[in-house]
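S.K.: Sharing a model prediction with you, sequence too.
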Amino acid sequence: MDMNKHDAGTEMEMNMTPMIDVVFLLIIFFMIITDLTQADLEQLQLPEAKSAVEDKPDPKVVRPII
């Protein structure tokens, strides 16, 4: 009996159910992890500048616009 012969009328199908289950589990996992990481963030107290200096571009620098 030759196992390598395939009938021309038979088609191979791939069952997508396990892959869909894995994708949904990954989505749920990342949603939970994202929620937990957002809860762990601390509020930062950023320093404020008392005086500001205007940054002027150097007139000697040539910037080509494409």
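M.R.: Good, I have the coordinates.
S.K.: Can you pull up the most central residue in the protein?
M.R.: Centroid check for the chain by C-alpha atoms, centre = their mean gives residue 30 as the closest residue, at 10.5 Å.
S.K.: confidence score at it?
M.R.: For residue 30, the pLDDT comes out at 91.
S.K.: And residue 25, by the same measure?
M.R.: On the pLDDT scale, residue 25 gets 97.
S.K.: Just the element for it, please.
M.R.: In the assignment (DSSP states H and E), residue 25 maps to helix 17-39.
S.K.: now swap in residue 46 and tell me
M.R.: Per DSSP H and E: residue 46 is located in neither a helix nor a strand.
S.K.: so what's it scoring on pLDDT?
M.R.: Among the per-residue scores, residue 46 shows a pLDDT of 82.
S.K.: Phi and psi next, for residue 56.
M.R.: With angles defined as degrees, to the nearest 10, residue 56 sits at phi -100, psi 140.
S.K.: Stretch 16-32: how far from the chain's middle?
M.R.: Stretch 16-32 sits 15 Å away from the centroid of its parent chain (C-alpha atoms, centre = their mean, to the nearest Å).
S.K.: Can you show me the CA trace of that stretch as CSV?
M.R.: This file holds the C-alpha atoms of stretch 16-32, laid out as CSV (Å, rounded to 0.1, in the frame of the first residue of the first chain):
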residue,chain,number,x,y,z
MET,A,16,-8.3,27.4,12.5
THR,A,17,-10.1,27.0,15.8
PRO,A,18,-6.9,26.5,18.0
MET,A,19,-5.2,29.5,16.4
ILE,A,20,-8.3,31.7,17.0
ASP,A,21,-8.3,30.5,20.7
VAL,A,22,-4.6,31.4,21.0
VAL,A,23,-5.1,34.9,19.5
PHE,A,24,-8.0,35.6,21.9
LEU,A,25,-5.9,34.5,24.8
LEU,A,26,-3.0,36.7,23.7
ILE,A,27,-5.4,39.7,23.4
ILE,A,28,-6.8,39.1,26.9
PHE,A,29,-3.2,38.7,28.3
PHE,A,30,-2.0,42.0,26.8
MET,A,31,-5.1,43.8,27.9
ILE,A,32,-4.6,42.7,31.5
